[in-house]
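Participant: Sequence first, then the predicted structure, then my questions.
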Amino acid sequence: MSKPDSPLVTILDDEPAIRTMLADALEEAGFRTLSFARASAFEAALKTHQPDVCLVDLGLPDTDGLTIVHRLALEQGATVIIISGRAQVQDKVTGLELGADDYIIKPFDPAEVVARVRARLRSTQQPVHSGNTARFQGWTAYFDRYVLTDDAGSETPFSHAEGEVLRLFLSSPRRLISRAQMQESLGGGAGESFDRAMDVRISRLRTKLREDPKNPQLIKTIYGAGYIFLGDVHWS
């Protein structure tokens, strides 16, 4: 059962049966939960609560769920897991591009959701580097604010999910990082789903770092092996 200091998981879904099923499974696993049927009530609760994980349905009655996902990723720094009946690949890609950490398709086994939540929390509670600021190649990454700044002071926000990948690269500069190592460090679903998520996040990081997509200079793909970050990094 949950304790007062247990991680808080919010559930945003307009189907009462799903909210109840998820809340029961998560609370039995030791998490605290808060459930909402509408985005307006959920966003009001964020003013007084800071969730560790947000489960978000895309088909909400009062707001597009993708808008909520993007706002959470950029403004809250919470782990965001989409739970949706939309099974098309493009829906998954869009959700991940907007900052979601994971994507679970309905119908699902509640035990799978609990396992995904635990995996995401492990990856955020055990960062690969404890510093909050990293400087590299004319850029500064502020992981406490989820912002990149260039030498001119221009700011570019990044999502929690993108930040996890960037932190992994910056913690191991000039070293090959395989897909298996990324899976072990970052958690999430394995196989094609994980590979797609990583491809999306790395592509978005390259864009934010103003990399040439055909010839990136910082995040290099080593085909068949993984990735390598080419740059000197200074943490503080």
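Facilitator: Cool, got the structure.
Participant: Mind telling me what element the residue of the chain most remote from its centre is part of?
Facilitator: Largest separation from the mean C-alpha position in the chain: Ala152, at 27.9 Å (CA atoms, centre = their mean). Secondary structure from DSSP states H and E places Ala152 outside every helix and strand.
Participant: Strictly from the record, what residue spans define the domains of the protein?
Facilitator: 8-125, 133-235 (automatic domain parsing).
Participant: Redo these as a markdown table? Include mean pLDDT.
Facilitator: A markdown table is the format used below for those (pLDDT from 0 to 100):
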| stretch | mean pLDDT |
| --- | --- |
| domain 8-125 | 89 |
| domain 133-235 | 88 |
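Participant: what's the spacing between stretch 163-180 and its chain's center?
Facilitator: Distance of stretch 163-180 from the chain centroid (CA atoms, centre = their mean, to the nearest Å) equals 15 Å.
Participant: which residues are in contact with it?
Facilitator: 101, 123-124, 127-129, 134, 136, 141, 143, 146, 158, 182, 185-186, 194-195, 198, 201-202, 205, 219, 222, 225-233, 235 (CB atoms under 8 Å, 6 or more residues apart in numbering). To be clear about C-beta, it is placed using only N, CA and C from the backbone, and glycine gets the same treatment.
Participant: ok so, going back, deepest of the domains of the chain, which one?
Facilitator: domain 8-125 (a mean of 18; mean count of other CB atoms under 10 Å).
Participant: Leu55 and Ile81 touch, don't they?
Facilitator: Yes. Leu55 is within contact range of Ile81, at 5.3 Å (criterion: CB atoms under 8 Å).
Participant: Find residues that contact each of those two.
Facilitator: With CB under 8 Å, 6+ apart as the test, Leu55 and Ile81 both reach 113, 117.
Participant: Helices of the chain, residue ranges please.
Facilitator: Secondary structure of the chain (DSSP state H): helices located at 16-28, 39-45, 65-71, 89-97, 110-125, 160-171, 179-186, 192-208.
Participant: I'd like those as CSV, with distance to Lys3 appended.
Facilitator: Formatted as CSV, the helices of the chain follow (distance: least, CB to CB, whole Å):
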stretch, distance to Lys3
helix 16-28, 11
helix 39-45, 20
helix 65-71, 28
helix 89-97, 31
helix 110-125, 15
helix 160-171, 24
helix 179-186, 27
helix 192-208, 31
